[in-house]
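Participant: Below are the sequence and a predicted model; questions follow.
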Amino acid sequence: LPPVVDVEQALADGAPLLFEELGTNVMYRGGQRHGDPDAAFAAADLVVETRCHTNRHMAAPMEGRGTIAQYERASDRLTCWTASQTPHWQRMVLSAYLGIPEHRVRVITPDVGGGFGQKITASPEEVVVAALSRRLSRPVKWVEDRRESLTSATHAKENVLHLQAAVSRDGRLLGLRARAVGDAGAYSFNTTSVLIEPLPACTLMPGVYHLDNYEYEVVGVVTNKTPIAAYRGVGWTAGQTAREQLFDEIARQLDMDPADFRRKNMIRS
């Protein structure tokens, strides 16, 4: 099948559908509006736009993911030793997928090693190991190697952001519009990861700046890539990088010191 390798391709008319039953590659579209952005842009002396495509990131802990599962058929109990940052979440996922009551699932996390957010999610491999232990009635162990980590452990941070700012001639920020299109990868990991990057990128966009008029749109799109999940500074990196690039461009067009522009628009106590 033809691959879909970026969000703009995925959104184009006639793009191959990753999930034909959905009829679209868009898994989420939503936004919010604060103040009166239309009036702010109508009153602006200058409107500045920018596009920022943040690259994919990936954790590379020396200690990869790994798990051991032991199922006891007589008591219908499952014990898992796993390198997880969220053992309670892991227990809930195993219970839901395997149909074992949660109070009969025990998750033990020894030394986890590096996590950085990558080991927050419950991975398909951990569920499979537990299912195999139940089927075979014996302990099952799985430890990923570096190649497996690079190809199947979650990635992070890829977004395409479009920003538009309304500014007065003296350097006051009157309004801001943002659109973040998040590349979720092949599916939304653990139900919500399609939003884990683009939503915080937009909600945290104002940052330390005084902004009465702001609107944003968040779009989550699937592509033929490894799924996106948590990695340090979730959503903040993309949104604030794009905003600061926009502010530098505004200062250039106003022939204004970039630091002065920022000081002028910061929230005052």
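Facilitator: Sure thing, it's come through.

Participant: Let me see the ranges of the strands in the stretch 101-250 of the chain.
Facilitator: Taking DSSP state E, counting those that start in this stretch, the strands of the stretch 101-250 of the chain run over residues 105-108, 140-143, 159-167, 173-185, 214-222.

Participant: Make a markdown table out of these and add distance to A10.
Facilitator: C-beta here means a position set from N, CA and C on the backbone, and glycine is covered the same way. Formatted as a markdown table, these follow (distance: least, Cβ to Cβ, whole Å):
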| stretch | distance to A10 |
| --- | --- |
| strand 105-108 | 36 |
| strand 140-143 | 32 |
| strand 159-167 | 11 |
| strand 173-185 | 8 |
| strand 214-222 | 5 |
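
Participant: Buried deepest among these, which one?
Facilitator: strand 173-185 (a mean of 25; mean count of other Cβ atoms under 10 Å).

Participant: What pairs with that strand, parallel or antiparallel?
Facilitator: Sheet pairing for strand 173-185, assigned by DSSP bridges, gives strand 159-167 (antiparallel), strand 214-222 (parallel).

Participant: Tell me which residue of the protein is furthest from the middle?
Facilitator: Distance from the C-alpha centroid of the chain peaks at A74, with 41.1 Å (Cα atoms, centre = their mean).

Participant: correct me, but A251 touches D257?
Facilitator: Yes - A251 is within contact range of D257, at 6.7 Å (criterion: Cβ atoms under 8 Å).

Participant: From the neighbour counts alone, determine which of the two ranks first.
Facilitator: A251 (19 against 12; other Cβ atoms under 10 Å).

Participant: so what's that one up against?
Facilitator: 171, 257-258, 260-261 (Cβ atoms under 8 Å, 6 or more residues apart in numbering).

Participant: Also R172?
Facilitator: Counting by Cβ under 8 Å, 6+ apart, R172 touches 264-265.

Participant: mind checking pLDDT for it?
Facilitator: We note a pLDDT of 98 for R172 in this prediction.

Participant: same check, this time on R268
Facilitator: 89.

Participant: Am I right that it is in a strand?
Facilitator: No - counting by DSSP: H, G, I helix; E, B strand; the rest coil, one finds R268 to be coil, located in no strand.
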